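Asks: coords below, sequence missing:
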């Protein structure tokens, strides 16, 4: 008996259960439903799959290594420094070819500074009337040295400046009028970028493998003609960013060179760099005059007596920041399944919406309601159900035998329903 | 005939098919189902949409460019180096305003080193008893030079040290007691950060556009009073990270300045930087004494005879690493659809669970089961179906005519069901 | 009346509605459906949950700070520079312990350069026949100075070179045969990496907390024996990347040290760094000879008269780029719900597919079709429906009373159906 019961159960596992549908011959709702389905399907195929490629697993954690090399020379002639020749070893800071590099376009040298006593520059908060205005040992944040407590004045009535212990003479106040390295816009930068997508084990360089060395010696990047030439003229870079190099060169500025890798690894060949250029120190909304970019560095010397002296060089220039970003996409079953699954679920939502229209907005919705929702009148048991079930509540732990029966049956049917 | 058949088929496209439901007047399961629905709905609205903003497409690949500028001077007085004035051009390494920068707070200078022969420092593995202990030409990894093969001893009985060819005199062993640049905690750092979210074409700077230059000259960052002031006092940074600057300054350390951009681009104005400060060389769990942070650099000189000599400067200091991270979110239909779709699918799971309860745990589940699962008794064909279908199997390639009929009908109805 | 109507409505809220199914005793389709279910379930459990850990929220925006320290000395002996001792302060560029660092393995020094006039190097485009070939003031991109307009020739018939104003003497053309710092492969690099996952508030260092200083003094990284030792021998790094250090050292090269953090924060202890090594300047596909890696830097001096002279040092070497990437995963309800939801939705797709087979490919599909799709023949209204509904269309704003009734009922039932 039990055997045949379980056998029946087992065989019923392979009965196929399919949902029962009510066919409502209502053209309006039918059309509405078809339209909803079409919209969702169009969205899934057109937008999710074709446009956004949601069938792909993406790796946005691009790993990148950038090397740069500048070429070009320039000559400057100033009263302090004389005739000077600038090569990449001088105007690229730091010289070792980093992804963030600074190109000197303008400079003020203050040669032969020695430690000693001199007057602070004439800026507002360093002015003094008497020695008491200059606290001995005080260091002003924007100052150049430590106050000695003396006020240096030319004559009794005018304002003087505090004396300081500093590297003297102090750098003169100077607003550059035009860049000294006039030739800087003709310098070229060679950018070598190596990228890797760990998730897909994919790596590539922006210097195409097929390019030979002679091409690399002559080519210049051009969006249309030479989109894969990795050599850029500085003046072209700023022009593409929307600025004039000579304007930027006077006070300095900051340019971002974005290398974008948008790789579709399903199409094996499609993974090429795209270059974009932006100015980083001026917000695009208002093209206000930027504050410029400058810093100071020093060269230390010793005289025959072993005393130190130095050159203080304030350099203005253009800072290039090469930023690499991108993503790679490759077909993967999980995002595909998530996209399809959620699309199908949306179809369910569409059906729900159409049900609402059919059942409650159509004139004879009541009749459809009756048809759709079949009452399961199990009258006798139902009244019992509404009250507290005496069997279940008779013992604090329910009727044990009944629970056992039910649990056994439950587990069995869970298995049946899942499989 | 065929025409009217297809016309009927086509018209039946617009019949609306809706699932048939059984209404079980069972309050318990009904209540349970409503609760399940409420829970899922609350989860979708409250958590997925309001708290986690799953209706937004996010861009976590923030592109960032950081520039820094230090201000402040300090004076040191040591026996080797004399009275020295330190400005940003000296104590910031590298001086060009990078996102990773080192501020000298302490140093040991070994001036006037020349290449020559001297005794290695007295560390364990450089001690010797006789010349044989010092292999000629050997270079010890942690040593300062190349062994000449001689053991330098003061007297016969004591341990000597190997003679080496090196920059002599060798840097003396020295454990600093307190920072020499006592003033370093009053230095200020101006951080300029430009970010961009490529996906949304959105860019911003941490220096607000409305801020005028006079504000930038005076303000100091304060979480509450000046949250958008980009100028930080070094001592305040370490304090916010939970450490005392003077303690860190002696042996050096490493501080991370995290700039977090959490941008909600749906609310157009909401995209402001938040600053956090952490110590990077000490794990938070045990505030053990860190090993410090130091490195050596050199200044090369030549005497009148053209011979090289150098200053070796070991600098201790605080390394600041400005790390920018963040994400931007903007409403997008795809994540919204995925969220809603998966939420609806979860409701289906809830219905499945309630079905289980109704059909197998309720007392009269059997009656409901009978109602829910309507047997489609198509007896005659069914028995045939259970055996091998003679028609389908009669030829190895099935009955061709039947297959054709079926395939045609199948494609037609696939189209019908999809659309 | 109205009260009892609404009471009935309210109570019907707790009627449980369950879909009606047709049980088709068709073993083939039943089996097919079970197989489909099994496949999807296996995919969800096995792939989505166990293999891909889709129940976890992931943070791929790892924040990382890297510090490096080199140890080791080397000796070189060249005719220009004499016997030289190289310590980390000389051969690491920059010396401050960055994540991108360059180790000098070979160099050409051009000492005692002064600004003046000399002949350009004999490269193709600098050759000249007469003075007209050398435009005065012209600066060639790959040249070393500015042309004076003179052509320097040894005799009448041979090619000469243009005279330039430059740092003279010019660096001689030289192709290094072997590395001068022969000992460089024995240098060790100590890498300290601190990472943070902001989303989970989790931070860790690659230097394990339990490791004591004595271990750090002796250990060398080894994949098997010492996987967590953060000290690497340079020669071992290149060997692991598949290259010989001495080969790379002659012309230089670029090595990526990838530190991968794959953290499963559900298993609290599992978050360890993994090290990988790749050569960055040679694509793996063809192991061609790389172009090498070199740059020039200078040391400036002044003689007793205050005149500048300099040493130009062209350094070849290995550039190490330490790249940190990784992700952390932690259980989160949202991705879990999305995964389960989309999995369930896929089951719906499976049912749809099986329906197709049952209804249109099985021999007695027609009978099943009739059973599944119950016609809701509401003949009288239906014909009315098909024509334009006179009630709805009688006024341009529809029959107001009817619309009111319908809208009220609609809202009520939307609420009923949702809750």
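Replies: That came through fine. Just so it is clear, the structure is predicted and the values come from calculations on it, not from any experiment. Residues are numbered from 1 along each chain as shown, chains lettered A, B, ... in the order given.

Asks: check contacts around residue A:53.
Replies: The contact partners of residue A:53, taken as CB atoms under 8 Å, 6 or more residues apart in numbering or on different chains, are A:264, A:329. Heads up, the C-betas are built off the backbone N, CA and C, glycines and all.

Asks: average pLDDT for the helix or strand harbouring residue A:217?
Replies: Using DSSP states H and E, residue A:217 sits in helix A:213-218. For helix A:213-218, mean pLDDT is 78.

Asks: and whichever helix or strand comes after it, which strands flank it?
Replies: Remark: after helix A:213-218, the chain's next helix or strand is strand A:231-233, criterion DSSP H and E. Applying DSSP bridges to the sheet, strand A:231-233 is found paired with strand A:188-197 (antiparallel).

Asks: Quick one: list the elements packing against the following helix or strand past the strand it pairs with.
Replies: Going down the chain from strand A:188-197, the next helix or strand is strand A:202-205, by DSSP H and E. On a contact count with 3 or more CB pairs under 8 Å, 6 or more residues apart in numbering or on different chains; DSSP states H and E, strand A:202-205 meets strand A:188-197, strand A:253-264.

Asks: Now render the ones you listed as TSV, adding mean neighbour count.
Replies: Output for these, formatted as TSV (neighbours: other CB atoms under 10 Å in any protein chain shown):
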stretch	mean neighbour count
strand A:188-197	22
strand A:253-264	21
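
Asks: residues contacting the residue of the stretch 251-400 of chain A at minimum distance from chain B?
Replies: Using CB to the nearest CB, residue A:342 is the residue of the stretch 251-400 of chain A that sits closest to chain B, at 2.9 Å. Contact partners of residue A:342, counting by CB under 8 Å, 6+ apart, are B:337-338, B:340-342, B:345, C:338, C:341-342, C:345.

Asks: Could I get the contacting residues of the residue nearest the centre of chain A?
Replies: Residue closest to the average C-alpha location in chain A (CA atoms, centre = their mean): residue A:325, at 7.1 Å. Counting by CB under 8 Å, 6+ apart, residue A:325 touches A:62, A:258-261, B:61, B:63, B:198.

Asks: would you turn those residues into TSV with pLDDT and distance to chain C?
Replies: Converted to TSV, the contacts of residue A:325 look like this (pLDDT from 0 to 100; distance: CB to the nearest CB, whole Å):
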residue	pLDDT	distance to chain C
A:62	87	9
A:258	93	19
A:259	94	15
A:260	93	18
A:261	92	15
B:61	82	8
B:63	85	13
B:198	84	15
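
Asks: Off-centre distance for stretch A:343-355?
Replies: Relative to the centre of its chain, stretch A:343-355 is centred 36 Å away, using CA atoms, centre = their mean, to the nearest Å.

Asks: List the buried residues of it.
Replies: Within stretch A:343-355, the residues scored as buried using 16 or more other CB atoms under 10 Å in any protein chain shown are A:343-351, A:354-355.

Asks: which residues are in contact with that stretch?
Replies: Identification of contacts with stretch A:343-355 by CB under 8 Å, 6+ apart yields A:29, A:32-33, A:36-37, A:40-41, A:43-44, A:48, A:372, B:16, B:18-19, B:337, B:340-342, B:344-345, B:348, C:341-342, C:345-346, C:348-349, C:417.

Asks: ok, how many other residues are close to residue A:279?
Replies: 20 (other CB atoms under 10 Å in any protein chain shown).

Asks: And residue A:327, how far from residue A:199?
Replies: Distance, residue A:327 to residue A:199, using CB to CB, to the nearest Å: 10 Å.

Asks: Give me the common contacts of the two.
Replies: By CB under 8 Å, 6+ apart, the residues touching both residue A:327 and residue A:199 are residue A:59.

Asks: quick one: low-confidence parts of chain A?
Replies: The model of chain A has pLDDT under 70 over residues A:1-6, A:8-9, A:124-126, A:209-212, A:269, A:283-290, A:376-419.

Asks: Need the single longest strand in it, by residues.
Replies: Scanning chain A for the strand with the most residues, using DSSP state E, yields strand A:308-331.

Asks: so what strands line up beside it?
Replies: Strand A:308-331 is paired, per DSSP bridges, with strand A:56-59 (antiparallel), strand A:100-119 (antiparallel), strand A:253-264 (parallel), strand A:294-302 (antiparallel).

Asks: buried ones in that strand?
Replies: Here strand A:308-331 shows A:308-330 as buried, counting by 16+ other CB under 10 Å.

Asks: count of neighbours near the residue of the stretch 1-150 of chain A found nearest chain C?
Replies: Among the residues of the stretch 1-150 of chain A, residue A:14 lies nearest to chain C; the distance is 3.5 Å by CB to the nearest CB. Applying other CB under 10 Å, we find 17 residues neighbouring residue A:14.

Asks: Grab the nearest non-local neighbour of it.
Replies: Ranked by CB to CB, 6 or more residues apart in numbering or on different chains and with sequence neighbours excluded, the top spatial neighbour of residue A:14 is residue C:30, at 3.5 Å.

Asks: Give me the distance between the closest residue to residue A:169 other than its chain neighbours and chain B.
Replies: Take residue A:169 and drop its neighbours on the chain: the residue closest to it by CB to CB, 6+ apart is residue A:118, 6.1 Å away. Distance of residue A:118 to chain B, given as CB to the nearest CB, to the nearest Å: 12 Å.

Asks: same question, residue A:55
Replies: With CB to the nearest CB as the criterion, residue A:55 and chain B are 12 Å apart.

Asks: separation between that residue and residue C:36?
Replies: 20 Å.

Asks: now residue A:98
Replies: As judged by CB to CB, residue A:98 and residue C:36 stand 56 Å apart.

Asks: again with residue A:204
Replies: Residue A:204 sits 40 Å away from residue C:36, going by CB to CB.

Asks: so residue A:109 bridges to which residues?
Replies: Residue A:109 forms beta bridges with residue A:313, as assigned by DSSP bridges.

Asks: I meant to write residue A:195 there.
Replies: Residue A:195 forms beta bridges with residue A:64, residue A:204, as assigned by DSSP bridges.

Asks: Which neighbouring residues are in contact with it, exactly?
Replies: By CB under 8 Å, 6+ apart, the contact set of residue A:195 is A:62-65, A:203-206, A:261, A:324, A:326.

Asks: Mind doing that once more with 6 Å?
Replies: A:62, A:64, A:204, A:261 (CB atoms under 6 Å, 6 or more residues apart in numbering or on different chains).

Asks: how deep is residue A:137 tucked in, by neighbour count?
Replies: By the criterion of other CB under 10 Å, residue A:137 has 10 neighbours.

Asks: Tell me which residue in the stretch 301-419 of chain A sits closest to chain C.
Replies: Closest point on the stretch 301-419 of chain A to chain C, by CB to the nearest CB, is residue A:341, at 3.0 Å.

Asks: Quick check: the gap between the closest residue to that residue other than its chain neighbours and residue C:73.
Replies: Ranked by CB to CB, 6+ apart and with sequence neighbours excluded, the top spatial neighbour of residue A:341 is residue C:342, at 3.0 Å. According to CB to CB, residue C:342 stands 61 Å off from residue C:73.

Asks: That concludes my questions; thank you for your assistance.
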